[in-house]
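K.L.:
Test case, fold it:
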Amino acid sequence: MDEKVSHIEDKIEKGREKRKRSEDQSVVESVFDTETLKVIYDLYNRKVLDEIGFVISTGKEANVYYAVGPQGEDFAVKIYRIKTAEPRFMWPYVIGDKRFKKIKRKTRDLVFTWAEKEYKNLSRARDINVRVPTPIAVRKNVLVMEFIGKDGNPAPLLKDCNLKHPQSVFDILIEYVQLLFQKGNLIHGDLSEFNVMFLEEPVIIDISQGVLTDHPNAKEFLLRDIKNLLRFFSVYKINLPSLSEAYKYVTGLDLNDV
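P.N.:
Okay, here's the model as predicted:
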């Protein structure tokens, strides 16, 4: 197995050499522990991945890398951190989710559940035609999904875009929130301009914390999502609903309904 791990390290390094980018190596490399390298080897062996290249984004929760599939497909590989994971942040979104009733208390097992949760949430969103990255595979703390971008360049986040047609973008996003709620029984839980990419159309990302509509904190999370959208788009001179109007559009219920 040591030879296999060394082989994967060589492949990852080879991929990086093809596309140099300035980055904090101490942060980037911290996700490639021995167990994660074994998972990546398994994905190579299963013909899911052929090469992992440069880092797309880094964060406390995970790093996302550009990758290539066996048929030359552009993929994004999200590697969730195990050593620096924050269980106290994750638990409120996992406890109460009937899809994950038997969860071990170990951090590594919680991270594995977190990765599986994002895979399931992405799949559920795609099934109801909400634009999210198409999930390809999940294995322990590694999620493979569709790369959102062109020619190896990731699409920008909504926060960095100067929108030419902000009204249509808002209308699409609030409709996605409605579809998630009414057809997918799902709430993003952390929707904002930081979790939407824009590539000719908005693409919702980072949905690992998404909860079902029967979650104990569902209403609180949904209201936060709606408020974030209204806040961000308020800088544009467009027609925006009030919070209560947006909530009723999404849920079909009055804001004060229990």
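
K.L.:
Now do the residue minimising distance to the centre of the chain against residue 182, distance only.
P.N.:
Closest residue to the average C-alpha location of the chain: residue 206 at 2.2 Å, with Cα atoms, centre = their mean. With distances taken as Cβ to Cβ, to the nearest Å, residue 206 is found 22 Å from residue 182. The way it works is simple: take the backbone N, C-alpha and C, and place the C-beta from them, glycine included.

K.L.:
Please apply the same query to residue 46.
P.N.:
With the distance defined as Cβ to Cβ, residue 46 ends up 36 Å from residue 182.

K.L.:
again, but for residue 45
P.N.:
According to Cβ to Cβ, residue 45 and residue 182 sit 41 Å apart.

K.L.:
go on, residue 117?
P.N.:
Taking Cβ to Cβ, one finds residue 117 at 21 Å from residue 182.

K.L.:
which one of these two has more residues nearby?
P.N.:
Taking residue 117 and residue 182 together and counting by other Cβ atoms under 10 Å, residue 117 has the greater number of neighbours (23 against 14).

K.L.:
hey, C-alpha coordinates of the strand or helix carrying that one in CSV?
P.N.:
When elements are assigned from DSSP states H and E, residue 117 belongs to helix 107-127. C-alpha atoms of helix 107-127 as CSV (Å, rounded to 0.1, in the frame of the first residue of the first chain):
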residue,chain,number,x,y,z
THR,A,107,-14.8,13.2,13.9
ARG,A,108,-13.6,11.1,10.9
ASP,A,109,-17.0,9.3,10.7
LEU,A,110,-18.8,12.6,10.9
VAL,A,111,-16.7,14.0,8.1
PHE,A,112,-17.5,10.9,6.0
THR,A,113,-21.2,11.5,6.7
TRP,A,114,-20.8,15.2,5.7
ALA,A,115,-19.4,14.2,2.3
GLU,A,116,-22.1,11.7,1.7
LYS,A,117,-24.7,14.4,2.8
GLU,A,118,-23.4,16.8,0.1
TYR,A,119,-23.6,14.0,-2.5
LYS,A,120,-27.2,13.2,-1.6
ASN,A,121,-28.2,16.9,-1.5
LEU,A,122,-26.6,17.5,-4.9
SER,A,123,-28.4,14.5,-6.4
ARG,A,124,-31.7,15.6,-4.9
ALA,A,125,-31.3,19.1,-6.4
ARG,A,126,-30.3,17.8,-9.8
ASP,A,127,-33.4,15.5,-9.8
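
K.L.:
gap between that helix and the chain center?
P.N.:
In this view, helix 107-127 has its centroid 9 Å away from the chain centroid, taken as Cα atoms, centre = their mean, to the nearest Å.

K.L.:
Now it: buried residues?
P.N.:
By neighbour count on 16 or more other Cβ atoms under 10 Å, the buried set for helix 107-127 is 107, 110-122, 124-126.

K.L.:
Next: stretch 132-141.
P.N.:
Judged by neighbour count (16+ other Cβ under 10 Å), stretch 132-141 contains these buried residues: 132, 133, 135, 136, 137, 138, 139, 140, 141.

K.L.:
residues contacting the closest residue to residue 212 other than its chain neighbours?
P.N.:
Here the nearest residue to residue 212 in space, its sequence neighbours aside, is residue 185; by Cβ to Cβ, 6 or more residues apart in numbering that works out to 5.4 Å. Residues in contact with residue 185 (Cβ atoms under 8 Å, 6 or more residues apart in numbering) are 212, 213, 214.
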